[in-house]
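Trainee: Quick one, structure for this:
(one chain, ligands or ions: 1)
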Amino acid sequence: MPHKDPEKRRAWDRARYWASPEKKRARDRARYWASPGKQRARKREWDRENREKINARARARYRPITITAVNCAGCGKALTGRRGKKFCSLSCRRAKDRALSAALHGEHGNSGISSSSVGAMHELVVSADLIKRGYEVFRAVSPANSCDLIILTKARRTFRVEVTTGHYTRTSSSIFFPPKKKDRFDLLAVVLPNWKIQYIGELP
Ligand SMILES: [Zn+2]
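Mentor: Numbering: from 1, shown residues only. Predicted coordinates:
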């Protein structure tokens, strides 16, 4: 607490003022400009005596610089722009994701085959799988039909089946496929790379 006696209070204020880091910096600046050569010699002397302490402090502060990607992880072209960038373009990112997914889960391997032929092949593999599971399978006669297959259970109940092509996400084992109208089928059969079939909905 400050003193009530004005003389003692002034002394107290002065002491606090001189003890503040700001005032110490001002004092050091004043000393330096009073005789720069002398202060520099003092500093050199202090540095010589405290070399170990200075080095230890520098070692504690040291962090090696890590250089992140400078070339596109897809095409290998030099990257420009923000730090930490991995790909030059969205198409490069997608190509790399596709390659990763293919390495993990395989590929459809249908390049060069028309999409309607691929659709027909997928309907056939799903039909074969459903026959193997013990259902009677009926195929659509017209491509304009609202679903691809009809199955008949042993209890003589019918189920509408839609067949589509799906893909695995980059690293996880979750899948994605084009959106379908839910009121058109009871069971969705997703054909994945390597002819794997995943059914969305309960098999009857
Ligand atoms: Zn690229």
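
Trainee: Please compute how far stretch 183-193 lies from its chain's middle.
Mentor: 29 Å (Cα atoms, centre = their mean, to the nearest Å).

Trainee: For it, what is the spacing between the initial and final residues?
Mentor: Counting by Cα to Cα, to the nearest Å, you get 26 Å between the two ends of stretch 183-193.

Trainee: Averaged pLDDT, that stretch. What do you get?
Mentor: Averaging pLDDT along stretch 183-193 gives 93.

Trainee: Ok, stretch 29-38 next?
Mentor: The model assigns stretch 29-38 a mean pLDDT of 91.

Trainee: list the buried ones in the helix ranked longest in the chain?
Mentor: Looking across the chain with DSSP state H, the single longest helix is helix 115-132. For helix 115-132, a neighbour-count test (16 or more other Cβ atoms under 10 Å) marks Gly119, Met121, His122, Glu123, Val126, Ser127, Asp129, Leu130 as buried. Placement of C-beta: from N, CA and C, glycine included.

Trainee: ditto for stretch 146-160
Mentor: Quick answer for stretch 146-160 (16+ other Cβ under 10 Å): Cys147, Asp148, Leu149, Ile150, Ile151, Phe159, Arg160.

Trainee: Turn those residues into JSON lines, including pLDDT.
Mentor: Rendered in JSON lines, the data for these read as follows (pLDDT from 0 to 100):
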{"residue": "Cys147", "pLDDT": "93"}
{"residue": "Asp148", "pLDDT": "94"}
{"residue": "Leu149", "pLDDT": "96"}
{"residue": "Ile150", "pLDDT": "96"}
{"residue": "Ile151", "pLDDT": "96"}
{"residue": "Phe159", "pLDDT": "94"}
{"residue": "Arg160", "pLDDT": "95"}
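
Trainee: Might you enumerate the residues of the chain proximal to the ion?
Mentor: Cys72, Gly74, Cys75, Cys88, Cys92 (Cβ under 5 Å from the ion).

Trainee: of the residues you listed, closest to Gly109?
Mentor: Gly74 (21.7 Å; Cβ to Cβ).

Trainee: Does that closest one touch Phe87 like I think?
Mentor: Yes. Counting by Cβ atoms under 8 Å, Gly74 does reach Phe87; the two are 5.3 Å apart.

Trainee: what do these two both touch?
Mentor: Common contact partners of Gly74 and Phe87 (Cβ atoms under 8 Å, 6 or more residues apart in numbering): Arg93, Lys96.

Trainee: Alright, I will stop here.
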